[in-house]
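Q: sharing a model prediction with you, sequence too.
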Amino acid sequence: MAEAPDNHVRAMLPIPDRAAPGPTTYDAKDPATSYPPIRPLLPPPGAANVLIVLLDDVGFGAPSTFGGPCLTPTAERLAAGGLRYNRFHTTALCAPTRQALLTGRNHHSVGMGSITETATSAPGNNAMRPNTKAPLPLTLRLNGYSTAQFGKCHEVPPWQTSPLGPFDAWPSGGGGFEKFYGFIGGENNQWDPALYDGTTPIDPPAKPEEGYHLTEDLADHAISWIRQQKALMPDRPFFVYFAPGATHAPHHVPREWAEKYRGAFDDGWDVQRERTFARQKQLGIIPADAGLTARHDEIAAWDDMPDDLKPVLAREMEVYAGFLEHTDHQVGRVVDAIDDLGVLDDTLVFYIIGDNGASAEGTMNGAFNEMANFNGMAALETTEFLRSRMDDFGSPTSYNHYSVGWAWAMNTPFQWTKQVASHWGGTRNGTIVHWPRRIADRGGLREQFTHVIDIAPTVLEAVGLGEPTTVNGVLQSPMEGTSMLYTFDEAEAPERHDLQYFEMFGNRGVYHRGWSAVTKHRTPWVLVGAEMPEFDDDVWELYDGTNDYSQAVDLAREHPDRLRELQRLWLIEATRYNVLPMDDRTGERLDPELAGRPTLVRGSSQLFFPGMGRLSENSVLSIKNRSFAITAEVEVPEDGLQGVVIAQGGSFGGWAVYARHGVLEFAYNLLGIREFVTSADLPVPSGKHQLRAEFAYDGGGLGKGGQVTLYHDGTQVGSGRVDATQPMIFSADETTDVGYESGTTVSSRYDTASSRCNGTIHWVQLDTGKDDHDHFIDPQERLRVAMSRQ
């Protein structure tokens, strides 16, 4: 069939159907009967395939492609056949960068001023993308592209993350992707992830002991989908978004990849920065006159760290380096699959090595379980504890992170880290563009200022599509990025994206025609006890980027007028893009009521039924820092009760009510460091019974302990003690399950295989106190209330 001219009116999406002109006959056999052939909707002739690879939490100075110590041969291969960008920028945090990338708009413009878990009711921070800003994959799909995403999606508001949605913000719901295989949220256990195929929760296809790893699995699915797409639809281009959770913590990687770096980091982060800096200049990645920024007082010198902790610190970095190389290898498998199909030359590849700077969320000591720091309990991981677990870093028994010092080193030559949107250490990420059909300057370097919001307009221009005027009947606002296509042909072309604001948690700045004015407001790794200065008291710095690539020389005193001009410009841009009001609150934003965002469940009581599972932490009433009770009606078999009644969290923190050898038990797992188990004094009899576990919180603040009491049909059968609790979060990826436990298990006293309850659960009810002093009514009264459900 000859290729038809592109006569579609593509500004209105979906493209309106138009009736074919001509007479209507009575009989199809009439010679006058004539209709044009049905032609599938395709993009404009010559439209290229598109592959966007976005890694997670990789600093500019980490990959070898940009002078770092972590080997990235796939990135180097693509750079040798394409272009490296050394002034490409992100937003300083994952969810904002991802929403900005997919929409071509600034992150506050699409409601993603920070991560979804801290959403507020303010328009710039509500985690809700306006329907006037349709995502790029939807535009491409409605123009005839096949679209697929593999990996991390952190753009779903927390009140929409349950198995029932709504799915408007999910990749295969309203996100424009026909295929989604990955996870919802900020991070995931690489060994035992909470996966979705579309909107359906699924289990991983194998166990860690069988060789399973999430990044490998994502690559397998991406390869399979691309092959099938080209086999069945060879004339239709694809848009693939490959966004593994790597290298976000936990830093999980097969041991042999970490072993390749054994001893490589024994000299510490100060020396590593010097080595990376020298390598960057040797490669020509940074200008010859670039300066190496100084270490801030908040970051300890390697020589000042305890000697008995240094082997642990070095191992943390060895594991991370292996993790990044392993990730790059999986990207290489996807690229190789496209090459094997003979379509790599006609595929526009963006390889964005990091959605922000390297992460400093692991404390100065690093972490075996990063949730300790997020709960303000990092002190539990003593040097002795960390040394005892050193060989387990990166394994399925860990949920590890590296030291702030390594994050700083991985952002060489810049200041600061992830979350610090004011400085390039938080926002400048090495990026590669590969497109042999279009790029002639193979191995070239591009130094124009570019930003993640430039990706979407670049793709549209490259494939011959304009921005839609309307999508699904809604008038669209213009994209806010600038196409980078002009840089493909001309290394010295004047930059077109010459004005850009930055802001994250009050860390803020503005870039304008080479100059940047910036102010750091908050230190990312100080989560407890930090006193925030007033915004008007923040100290601003000024840098001349035409002569100072790395923001090493502050010129604020020399050029006060220019600083004031840029400060005003930041305020104008902040007003224009919904940045205001700035919000540096921490604990308040974790509370939905104080933050002003919806919650899926309300009140102080929640009912569950058997088979319910994969419920995110935001889908269940919070039991933190308060008393709570679990009541369940269960039919117990003659051979005794066994398995989980209800469990929340997993092996790195959570709680569970279960039966073991016929005996009711309650387990509280404190960060995988301590496990408190309360057992009944006698087995549960056969027949229908109401089982209950009550936790009476001590009160008096956050993270306190409490008394546990177990009941059979209102009669006390056991009691015990939990000495301390997690005040903020159990897990970023583990869930709540009824009658079984997915993922890792809360208690070491059973495993996933034996977690399925052998009794018949009729219902389970969770009741919570209103505050940390609110205990519960008399057990017999509670039994009467529960019995009224029958």
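A: Sure, I can see it. All of these numbers come straight from a predicted model, not from anything done at the bench.
Q: what about the closest residue in space to residue 175 that isn't next to it in sequence, how many neighbours?
A: Nearest residue to residue 175, sequence neighbours excluded (C-beta to C-beta, 6 or more residues apart in numbering): residue 135, at 5.8 Å. For every residue, glycine as well, the C-beta is placed using N, CA and C. When counting by other C-beta atoms under 10 Å, one arrives at 26 neighbours for residue 135.
Q: and the gap between residue 135 and residue 98?
A: Computed as C-beta to C-beta, to the nearest Å, the residue 135 to residue 98 distance reads 10 Å.
Q: same check, this time on residue 515
A: From residue 515 to residue 98 the distance is 28 Å (C-beta to C-beta).
Q: for the residue nearest the centre of the chain, what are its contacts?
A: Central residue of the chain (C-alpha atoms, centre = their mean): residue 186, 2.9 Å from the mean position. Counting by C-beta atoms under 8 Å, 6 or more residues apart in numbering, residue 186 touches 94, 95, 115, 116, 117, 152, 154, 248, 732.
Q: shouldn't the last one be in contact with residue 185?
A: Right, the one you point to is residue 732. Yes - counting by C-beta atoms under 8 Å, residue 732 does reach residue 185; the two are 5.8 Å apart.
Q: right, and residue 584 touches residue 532 too?
A: Yes - Residue 584 is within contact range of residue 532, at 5.0 Å (criterion: C-beta under 8 Å).
Q: quick one: common contacting residues for these two?
A: Going by C-beta under 8 Å, 6+ apart, residues that sit against residue 584 and also against residue 532 are 506, 521, 522.
Q: neighbour-wise, give me the winner out of those.
A: residue 521 leads the shared contacts of residue 584 and residue 532 on contacts (other C-beta under 10 Å) with 22 neighbours.
Q: give the closest residue to that one in space, chain neighbours not counted.
A: In space, residue 521 is closest to residue 506, 3.4 Å off (C-beta to C-beta, 6+ apart).
Q: now residue 445
A: Going by C-beta to C-beta, 6+ apart, residue 445 has residue 84 as its nearest residue, at 5.3 Å.
Q: could you look up the SS state of the one you found?
A: Three-state assignment for residue 84 (DSSP: H, G, I helix; E, B strand; the rest coil): strand.
Q: what sits against it?
A: Here residue 84 is in contact with 65, 66, 285, 430, 431, 432, 444, 445, 446 (C-beta under 8 Å, 6+ apart).
Q: the second one contacts residue 86, doesn't it?
A: Yes - Residue 66 is within contact range of residue 86, at 7.3 Å (criterion: C-beta under 8 Å).
Q: out of these two, which sits in the busier spot?
A: A direct count of neighbours by other C-beta under 10 Å for residue 66 and residue 86 places residue 66 higher, at 31 against 23.
Q: give me phi/psi at that one?
A: Main-chain dihedrals, residue 66, degrees, to the nearest 10: phi -120, psi 30.
Q: before we move on, what about residue 427?
A: phi -130, psi -10.
Q: go on, the one 5 residues further on?
A: According to degrees, to the nearest 10, the main-chain angles of residue 432 amount to phi -120, psi 140.
Q: and residue 99, by the same measure?
A: phi -70, psi -40.
Q: and residue 340, by the same measure?
A: According to degrees, to the nearest 10, residue 340 has phi -60, psi -30.
Q: let the chain start at 529 from now.
A: Okay, using 529 as the starting number, the last item reads as residue 868.
Q: any idea how far residue 1265 is from it?
A: 41 Å.
Q: more neighbours, these two?
A: residue 1265 (22 against 12).
Q: tell me the pLDDT of that one.
A: With respect to pLDDT, residue 1265 scores 96.
Q: again, but for residue 1303
A: 45.
Q: now residue 1046, which residues is it bridged with?
A: Beta bridges link residue 1046 to residue 1037, residue 1069 when assigned by DSSP bridges.
Q: residues touching it, list them.
A: 950, 951, 1030, 1036, 1037, 1038, 1068, 1069, 1071, 1079.
Q: now do residue 822
A: residue 1080.
Q: check which helix or strand covers it.
A: In the assignment (DSSP states H and E), residue 822 maps to no helix and no strand.
Q: next, it: phi, psi?
A: Residue torsions, per degrees, to the nearest 10, at residue 822 are phi -80, psi 160.
Q: you'd agree residue 645 is in a helix?
A: Yes - using three-state DSSP, the assignment for residue 645 is a helix.
Q: isn't it up against residue 686?
A: Yes - using C-beta under 8 Å, residue 645 makes contact with residue 686 at a distance of 5.7 Å.
Q: identify the contacts common to the two.
A: Common neighbours of residue 645 and residue 686 (C-beta under 8 Å, 6+ apart) are residue 1146.
Q: all strands in the stretch 1129-1278 of the chain, in order from the N-terminus.
A: 1133-1136, 1156-1164, 1171-1178, 1181-1188, 1191-1198, 1202-1207, 1215-1225, 1234-1240, 1243-1250, 1264-1266 (DSSP state E, counting those that start in this stretch).
Q: select, out of those strands, the one closest to residue 539.
A: strand 1264-1266 (45.8 Å; C-beta to C-beta).
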